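# here you go, sequence then predicted model.
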Amino acid sequence: MKKILLIEDDVRLAELISEYLCRYDFEVAVVLRGDQALAAVAREKPDVVILDLMLPGMDGMDICRQLRKDSSLPVMMLTARADIFDQVTGLEIGADDYMLKPVQPRLLLAHLRAILRRHEGQPEAAEVRQLQFGELQIDLAARQVCWKGEEIDLKTSDYNLFVILVQAAGKVLSRDELLRRWRGIDFDGMDRTVDVSISRLRKRFNDDAQEPRKIKTVWGRGYLFSPIAWED
């Protein structure tokens, strides 16, 4: 019997999915909050995670990113977010499948079985050591960045900030959040070190300062590493 961890805050939908999958010899554990998801994965040791994106406590994209840091556990995103950018981002950061609500139960079952077949016999990854988006490759162990086949030499501080942005691909990070992760301090409203470092990074990757595509400025919110802008 395979175990499914369903992370879904809609109680009625969670009940319906659980009841249906149990008829087909799946064991289903349900978590209603995103901030309880990682602990539930460790506790339940599921064979597959079905993951909503809009969750209280922690967003589904963030949950997937955290799982992919040290696990190859199959993840299916099941969400009402139909935007193509969300779908591309979800798959780019490591989801095995992306399905839209409302979903036909038989189709959900077929996709789950397909995911299990693909992962049958695959060893669990001990650690994610490399990140890749298009022609961008980052070797985390060697602290090496390559783009279009050439190594890009970055200052230590710029490299550290870049990795923070890349690991949060598709998510807007505010200056305050970036500073806390990067330097362990809060944004005081005056500190421009994040802006200066991002300006240097854009130059290294030929990202137009006026209309950046790779590291975008989201006005009033922060910065976003675009996972689909590194293909060309």
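Yep, it's here.
# could you point out which element follows the longest helix along the chain?
Of all segments of type helix in the chain, defined using DSSP state H, the longest is helix 105-119. Where DSSP states H and E defines the elements, the next helix or strand beyond helix 105-119 is strand 130-133.
# list the buried residues of that following strand.
For strand 130-133, the buried set under the neighbour-count rule, 16 or more other Cβ atoms under 10 Å, comprises 131, 133. Where you see a C-beta, it was placed from the backbone N, CA and C, and this is true even at glycine.
# how about stretch 87-99?
Of the residues in stretch 87-99, those buried by neighbour count under the rule 16+ other Cβ under 10 Å are 87, 89-90, 92-99.
# how close does the residue nearest in space to the middle of the chain get to Ile164?
Within the chain, the residue whose C-alpha comes closest to the C-alpha centroid is Arg65; the distance, by Cα atoms, centre = their mean, is 3.5 Å. With distances defined as Cβ to Cβ, to the nearest Å, the gap from Arg65 to Ile164 amounts to 12 Å.
# any common contacting residues for the two?
In terms of Cβ atoms under 8 Å, 6 or more residues apart in numbering, Arg65 and Ile164 are not both contacted by any residue.
# all strands of this protein, in order?
According to DSSP state E, the chain carries its strands in the segments 2-7, 26-31, 48-51, 75-79, 97-100, 130-133, 136-139, 144-147, 150-152, 172-173, 215-218, 222-225.
# deepest in the core, which of those is it.
Stretch with highest mean neighbour count among the strands of the chain: strand 48-51 (a mean of 25; mean count of other Cβ atoms under 10 Å).
# so which elements touch that one?
Secondary structure elements in contact with strand 48-51, counted by 3 or more Cβ pairs under 8 Å, 6 or more residues apart in numbering; DSSP states H and E, are strand 2-7, helix 37-44, helix 60-68, strand 75-79, helix 105-119.
# contacts for it next, please.
Taking Cβ under 8 Å, 6+ apart as the criterion, the residues outside strand 48-51 that touch it are 2-8, 17, 37, 41, 60, 63-64, 67, 73-78, 95, 112, 115-116.
# swap the cut-off to 7 Å and go again
2, 4-7, 41, 60, 63-64, 73-78, 112, 115-116 (Cβ atoms under 7 Å, 6 or more residues apart in numbering).
# the closest residue to Lys216 other than its chain neighbours and Ile152, how far apart?
Using Cβ to Cβ, 6 or more residues apart in numbering and skipping residues adjacent in sequence, the residue nearest Lys216 is Leu224, 4.6 Å away. From Leu224 over to Ile152 the distance is 20 Å, taken as Cβ to Cβ.
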